[in-house]
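*Asks:* Please find the sequence and the predicted model below.
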Amino acid sequence: MSVFSLFNKKETSAGIAKDRLRIAISSDRNNTAYPFMTEMKADIIEVVRKYISASSVSISKETDGEVDTLGIEIIIPK
Amino acid sequence: MGIVYAIISGKGGVGKTTTAANLGIGIAQEGKKVALVDFDLGQRNLDLMLGLENRVIFDMVHVMDDEAGLKQALIKSKHNENLYLLAASQTKDKSVLVQEKVKKLITSLREEFDYVILDAPAGIESGFEHTIMYADATIVVVNPEVSSIRDADKAIGIVDAKCQRAKDNKPVQKFLVINRINPAMVTSGDMLDSKDILEILDIDLLGKIPEDKLIVESSNTGKPVILNEKSIAGAAYKRISKRLCGESVPFQDVELFISPSLMVKIKSLFQ
């Protein structure tokens, strides 16, 4: 093996496939894990609006190990 | 009470029906009574794979609609007397599948057979959901290729979310079959290896099937490749069938490429 071959080490197409799949699948999983998200959001907005005049309601998702945390942010104008 | 397996893939054309036919025969060869059910309504093919296309009179929709009895509709395999096929309907559309009728059908099959194998349609539409709903476990078939793996992940997500066992808070078992592995390409880094695929999908490996030209011949003739003793894919299906019957068969690394000239070279030394 020459010194140059160390620098020229080409990434295999299987390696590229693995990296691309990881990213594509992690984004797919976020979108499909909670298919009811849109409906639930509409329901939450309805409930919130019954009590306060919120300008926006948003739901965010974070994954930490074995658990997903859904955060609901309600912005109230002063 | 028999065990019900659903065979799914997400993407079409990866070898789902071929896998169903081969495992059906493989498990039947182990002395178990097996029913294969084709859930691919409108695109019936399992009958062709088993060489039974001329024997279909009644199909699963006739049974579900009480137009035929289960015993009338089940077709005995030519290859193994323990194996029966319930064909998909070729004419009626998928809307005929109703939850209650599917449940009733699977319950009665479970009473009659040791193993019930449901061949799901490709995609993740309603026909797919009906197939996985009442299964005890799912066999996921993929090819070592990006679109197949991504679609399989999506299908697995639906199984986890929607099947009856998930609703009952019971564990949902999923087993992976990697089909059409080309060992030379894996060795050269031009094909995803099983370790990568397992890491991404995060389910248990049931078996690996090497690419095998005999598969085409077997579908041409309606004799699943497991019946051909020369076939390396057939041997892999045999190992999987034994595993499904509880026998702990060691995994053979079909991905390790043995150069065809190796033995020629070794033997040349004998002369």
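*Replies:* Structure received. Predicted model, so just to flag it, every value in this text is computed and none were measured. Numbering: from 1, shown residues only, chains lettered A, B, ... in the order given.

*Asks:* can you tell me which residues contact residue A:65?
*Replies:* Listed by CB atoms under 8 Å, 6 or more residues apart in numbering or on different chains, the contact set of residue A:65 is empty. No exception for glycine: its C-beta is placed from N, CA and C like everyone else's.

*Asks:* For it, give me phi and psi.
*Replies:* For residue A:65, the backbone dihedrals are phi 60, psi -120 (criterion: degrees, to the nearest 10).

*Asks:* need the helices for the chain, in chain order.
*Replies:* Here I'm looking at chain A. Using DSSP state H, the helices of chain A run over residues A:3-7, A:13-32, A:37-51.

*Asks:* let's do chain B instead
*Replies:* Going by DSSP H, chain B shows helices at B:16-29, B:46-49, B:60-64, B:70-73, B:99-112, B:126-133, B:146-162, B:164-167, B:183-187, B:194-201, B:214-221, B:232-244, B:260-268.

*Asks:* and the nearest residue to residue A:77 once chain neighbours are set aside, what pLDDT?
*Replies:* When the adjacent residues along the chain are set aside, residue A:77 lies closest to residue A:55, with 5.0 Å between them (CB to CB, 6 or more residues apart in numbering or on different chains). Residue A:55 carries a pLDDT value of 73.

*Asks:* Would you check how far apart the residue in the stretch 151-271 of chain B that chain A sits nearest to and residue B:83 are?
*Replies:* Going by CB to the nearest CB, chain A is nearest to residue B:189 of the stretch 151-271 of chain B, at 2.9 Å. Remark: distance between residue B:189 and residue B:83 (CB to CB, to the nearest Å) = 40 Å.

*Asks:* And for residue B:195?
*Replies:* For residue B:195, the distance to residue B:83 - CB to CB - is 34 Å.

*Asks:* So the two - more neighbours on which side?
*Replies:* Between residue B:195 and residue B:83, counting by other CB atoms under 10 Å in any protein chain shown, residue B:83 is the more crowded of the two (27 against 11).

*Asks:* Show me the beta-bridge partners of the more buried one.
*Replies:* Beta-bridge partners of residue B:83, counted by DSSP bridges, are residue B:34.

*Asks:* quick one: it and residue B:25 touch, right?
*Replies:* Yes. Using CB atoms under 8 Å, residue B:83 makes contact with residue B:25 at a distance of 6.1 Å.

*Asks:* Mutual contacts of the two, please.
*Replies:* residue B:77.

*Asks:* Pick the most deeply packed of the helices of chain A.
*Replies:* Highest mean neighbour count of those: helix A:13-32, a mean of 14 (counted as mean count of other CB atoms under 10 Å in any protein chain shown).

*Asks:* tell me which strands and helices it is in contact with?
*Replies:* The contact analysis (3 or more CB pairs under 8 Å, 6 or more residues apart in numbering or on different chains; DSSP states H and E) places helix A:13-32 against helix B:146-162, helix B:194-201.

*Asks:* Check residue A:76 and give its pLDDT.
*Replies:* At residue A:76, pLDDT is 84.

*Asks:* List the contacts of it.
*Replies:* Neighbouring residues of residue A:76 by CB under 8 Å, 6+ apart: A:52-55.

*Asks:* Mark which of these are buried, thanks.
*Replies:* Among the contacts of residue A:76, none is buried by neighbour count (16 or more other CB atoms under 10 Å in any protein chain shown).

*Asks:* Least confident of the helices of chain A, on average?
*Replies:* Set side by side, these give their lowest mean pLDDT on helix A:3-7, at a mean of 51.

*Asks:* Next to chain A, which bits of chain B? Give me the list.
*Replies:* B:145-146, B:149-150, B:153-154, B:157-158, B:161, B:186, B:188-193, B:196, B:200 (CB under 8 Å from any CB of the partner chain).

*Asks:* mind redoing it with 10 Å?
*Replies:* B:124, B:144-147, B:149-154, B:156-158, B:160-162, B:185-186, B:188-193, B:195-197, B:199-201 (CB under 10 Å from any CB of the partner chain).

*Asks:* Tell me the pLDDT of residue 69.
*Replies:* You didn't pick a chain, so chain A it is. pLDDT recorded at residue A:69 is 81.

*Asks:* you looked at the wrong chain, it should be chain B
*Replies:* So residue B:69 comes in at 96 (pLDDT).

*Asks:* For the residue of chain A found nearest chain B, the count of nearby residues, please.
*Replies:* Of all residues in chain A, the one sitting closest to chain B is residue A:12 (2.9 Å; CB to the nearest CB). By the criterion of other CB under 10 Å, residue A:12 has 14 neighbours.
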